[in-house]
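*Asks:* this one's sequence-less:
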């Protein structure tokens, strides 16, 4: 029987080893699931970036995109240092604090979860930047992005998504004689993510005030400021759809437990159905009201539907997703109109998409969750569900609204929230970022200076697409303008940091030979013109310090030589 | 022995629990595989969208992109309500019907498969919209997208991919004395997806007729209408490559069975090799025939190769994929030329890519499948394989062609298939969607009206990239045109729906002071001009109803004041 | 006891079957992991493509994108035929050679690994093309891409990543009395991928020489040539971030072993933290030095940080990743400045990003790897680690530098490395690829010819966004220019290959009626003009051969008729 006992022991040992093995493997796979879904979800950052870029004017496109590239950077640092600790560190029912500051004391198998949650945090912060586009200062952007991700957003996820959170726990109720715990249900963040971002966006947009020219200063007429690129919006929409599927599917947090994938598949099917129905309803309403099939309304409608389904995509049936989407599209149109009516300027409709979508998404859970929702059960339990959903909404709006108001108000008080009127009119790209989104000199083989001179000289704008100017049958491209030579010599002699003179740093003045002063272009022949290139006094920069009398004389002289050489 | 028996029982119990456990886990993982691959595959929608957008002119770019965004929406609703039931519901060898209507009676672990198959369905429908671009009406688009995904495409997948499908089952043959079942083989849809889309595209393009200006009305000369953005084509190509790998790899449908990943890896390696070789052959042939290294031919060639490999990417060796790709590239060039020769206008070359690629892909299976293909075996079995592949092709073309012809023909008969000539000339974006793809007013901080007035005033086009107009040394940007003030007052007084007046709603007429009538711009000094802004009678819209005598007088008056103030 | 024995046997059998089963499943899953990560990594190709496209001028954008689309194609063929054999085939410590040529003798479960490694190879090759942009010949591109992927890159991965590689094996040392093997550590290729690409890019850029106009020919002043699209750079950045996470996470090569996902999650968290910190430091330094918040520096800074973390993302703590990123951003700025100082022209800053980032990434491993790095341990082991990292760097630079110099030098010697000055000035897109990146005729509904004629006629550029020209109140769009009719008749009569006449093939000459010859546009009234459309003698092409006296007369005549009909 020694044999028997050893066999028995070995069998037990083997079986328990296998069970441990299986457990380890599924543990690994669930982390891998979070990682893969998290990576795909990051496409949403690109999606939001291009939707925002599509909604701003060309002169602010670089700013919009830079903010979105930095969103990922700012939020990962903010969430890593503080946010994750406040959200998922041990603490009380209101906030976590004991561990995870800068991932200290982290159990390393929790790292995948940290990464996954960071992507959610990045989403919440990104929404806000869209609503403040085209007028918010760049430093202010850094401050609010950091604060939202580090302090405002995390406690809400602590309430709604951790076992010790007061919203998730809810309260015990006796229903039909059975004790039952009913609390706030928000599967992938209609409330905890989108409503947070939407509320902050709303408060920020109110405090920041509308863009110059958004409404007529005298009459108050609506002077819609159109964005610069519909293809950007479409690109954003596609990337958001892909990202949202990972966002809502990934919220199941594991893929190996029995039934996990039923919920994941249901969540993504509901997501795509809700987005579709919302796109339709937004499109059709816009067609009825505005007389056209608007691309941007469709895109925003689609996103609204996907926002609204987040709350209950795990508990709705697909037909429920249809209803959620249809209502989301209607609500988007209405909110968009209402926000504009209140003279709140939200360039990307972030409030209509995320505030409205998130709010409706949280409420829809109580009505449509299967089979316990109000529409199906109409009982005390579903009523209590609705109550808790409303409690959740109030908590999110109060917390986010109050903190946002303090934060944005303080920045406004300090005068660092908004760019100057001059910068806003010129667009943020050149004054703040020093770069055109589409630098004109890159569209043909000339510098701006060449280009300007050619235009002045020919009295005619030369579109780059026509190629070279033919002038007396000669290709001007091969001709080096003396102005350019001078400015280059100057650049070589006086400056050492590899910058070329940009048009924003200089002023081109056209003088009539006889000295009438600055006059309008094109009203005289080139041979009568004097062209003076001067440092632009509105943009004081290093270039000006060095731009002395002598160089000015050099330039004027060479221009004269040029005309002389041309034989006048 | 009680101990022994209980041990035995417990061991059996444990082992069977472990087996169940493993089975459950692999079951979950296979669903997760479909979900992850399905999500990545959705990038193909973006890919097709940007390829189509790159191939249309700027004036139709918004329309092309909106259709593609909606493709996902229309197809998910169509496939969810009807398509999936017809394709994978129980039924007979020809069609399914018993369950799955709007995912009713669905076993929920089948939901992941539904999502995966929906992405395939979306692909089939998307192909068609490209071929009908720039002239197909928007309502017609909705109708044909829905019908293709709901009714035309699904039965074919029932034939080719379900166990009860007549094409997949094929027939029993006695080969070398052994009974063997030989049927249609189409791993990831050269025939069932791409040939379907390609056939519908071909029929649709024939019935819809060519775009205005595609061929010279008198001489019939080819007047290629170039698309507006090569970068869009490259973006589309990259996203399609990524998506196609998931498309062809995902078709294995599971990732845990022994050998699954050998086939998946083989499928994706074959896909990328075939796409590459096809890109080369398309590029080189184009170089020989057309004298340049064409980006668009390379992109389309690459896609052709990936389409052609779908059929047998699980059974080819990589060298077989080389052959498939080389032939696909040649075939693409030839078909593209031939289609144009026949005066069939296919803006995105969908027929050359998907019809030709799909057709060749189905046939290639019989020749190159390893080790049973004709090139290797040259026996009765491979001959029968070829026969069944040809049967499959005929079935797909007949079914799709007939139904498409009825559908498109009916729409043509009803006069809802094609936009009016006026709309086609103006481009679909403004008249139908009310939005420029790149709204000109977003490229500087002026409205169209401002812009037009400035141009008229200066007698000179002012490219936005030069920034502000200097006029007598003053920056005109800070000057508010009285015209704008008037139009805004008007907007505030008479209209209530938040729309600004768009240029398409008004007509700018320039009159000589002395009243000669409408004359050409720029031939007189601004001080001699009278500018009249009138509602555009070609675009009757709400604005016109309200545009009365009085407002016209107001505008004229303020223009006169403006000139007066300017000191004439 | 027969029962007992059979039970025992069956139990053993069952348990061993289960173990085999689990083993098979994990084996499959690890392959699936490589496949999924590989597919996501392919997005990096799109990322690099759009970063390069953003950095070139419009006239070379098509070329840049085509090269990147083809990168995937060229590298898969090169790596499949030769590269994989040299890298991972059996051989000695220096190179592999025994198997895997064109995936011959491949164990098929190795196919997923082949696919995964191919994506790495594609990355190494892609880096080079950016540095040689805007002036490198297209054929030369094919040659160097193929050679790098097939021969230069693979041996290095053999050294660094295979068990028989001399760099990975390192040497045995006695440390504290224990024998320990210390070698080169490079988790996901700071050295083996990025330093290789960066070195080849540096050598190539030196040998190829700077672009025309990059520095002033006389003064040597820096005349920065700006790229044409900031949004492309942002798109590239987002796709690279997503791809890099898969790149660094996937390098763990399996996801089922215990602890695998701890390393994967650590690697991706480190990647995103390092990229973020590097983006910040690059941005802030640029702000201090260059006075603006530059989008392009931020994007390149972010990529630098992700490049630098590759080497040790599995062994750093997140705070280590912060340091790596901060230094990478500083180093990027410095290297970028230094490379320009040395008059090496690197349009995409590939040297600053990948050479500098890769080099620092390899060294950082020795300093920051936890807990054995120099900063923590300061012992003999960490010193030896540093020594081996330096050995690795020297080996990579020597090998790649020498072979690249031979390769690029040979191409230069043969005169096939660089395009002609004329082509460089005109941009590569039209002369070589026959396509504008943004064909101007696609931006309104006219051909180039129409457009040119309208401009000449009106003496005024007509921006497409203003829609139709009104001329005496009539819409010119509906008027068919006789020139067009003639050119179309001509096209129909004399040509047969479906090409329309492109502007690069013709010359528009404007003559004064009285025959003064070719004079400047716009200085006389349209009624005085004669417009002559002639084949462009600078672009001899088929069109010219056929363009005879007769057709020229036809055109002139119809132009005269046109003016006559217009009533002069």
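*Replies:* Structure's in. What do you need? All figures in this text were calculated on a predicted structure; none of them were measured in a lab.
*Asks:* and stretch A:72-83, what's its mean pLDDT?
*Replies:* For stretch A:72-83, mean pLDDT rounds to 93.
*Asks:* one more: stretch A:109-117?
*Replies:* Mean per-residue pLDDT for stretch A:109-117: 92.
*Asks:* against which helices or strands is the top helix by length along chain A packed?
*Replies:* Of all the segments of type helix in chain A, defined by DSSP state H, the longest one is helix A:2-41. Judged by 3 or more CB pairs under 8 Å, 6 or more residues apart in numbering or on different chains; DSSP states H and E, helix A:2-41 is in contact with helix A:111-131, helix A:230-250, helix B:2-41, helix C:2-41, helix C:230-250, helix C:260-290. Glycine gets a C-beta too; all of them are placed from N, C-alpha and C.
*Asks:* quick one: closest of these to residue C:180.
*Replies:* Closest to residue C:180 of the helices and strands packed on helix A:2-41 is helix C:260-290 (CB to CB; 21.0 Å).
*Asks:* ok so, going back, any residue of the following helix or strand past the longest helix of chain A touching chain B?
*Replies:* Downstream of helix A:2-41, the next assigned helix or strand under DSSP states H and E is helix A:43-55. No. Helix A:43-55 lies apart from chain B when judged by CB under 8 Å from any CB of the partner chain; the minimum separation is 8.6 Å.
*Asks:* now stretch A:302-320
*Replies:* Yes. In terms of CB under 8 Å from any CB, part of stretch A:302-320 sits within range of chain B, namely A:302, A:318-319.
*Asks:* first to last residue in that stretch, what's the distance?
*Replies:* Using CA to CA, to the nearest Å, one end of stretch A:302-320 lies 16 Å from the other.
*Asks:* let me know the average pLDDT across it.
*Replies:* 95.
*Asks:* before we move on, the earlier item: most neighbours, which of the residues of stretch A:302-320 next to chain B?
*Replies:* Using other CB atoms under 10 Å in any protein chain shown as the neighbour test, these are led by residue A:302, with 33 neighbours.
*Asks:* redo the residues of stretch A:302-320 next to chain B as CSV? Include secondary structure.
*Replies:* Supplementary listing: the residues of stretch A:302-320 next to chain B in CSV, determined by DSSP: H, G, I helix; E, B strand; the rest coil:
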residue, secondary structure
A:302, helix
A:318, helix
A:319, helix
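*Asks:* list the buried residues of the longest helix of chain A.
*Replies:* For helix A:2-41, the buried set under the neighbour-count rule, 16 or more other CB atoms under 10 Å in any protein chain shown, comprises A:7-8, A:11, A:14-15, A:18, A:21-22, A:25-41.
*Asks:* what do you get for stretch A:255-269?
*Replies:* Within stretch A:255-269, the residues scored as buried using 16+ other CB under 10 Å are A:255-256, A:260-269.
*Asks:* tell me the one of those residues nearest residue C:115?
*Replies:* Closest to residue C:115, out of all of those and judged by CB to CB, is residue A:255, at 22.7 Å.
*Asks:* so the closest one makes contact with residue B:28?
*Replies:* Yes. Look at residue A:255 against residue B:28 with CB atoms under 8 Å: they come within range, at 6.0 Å.
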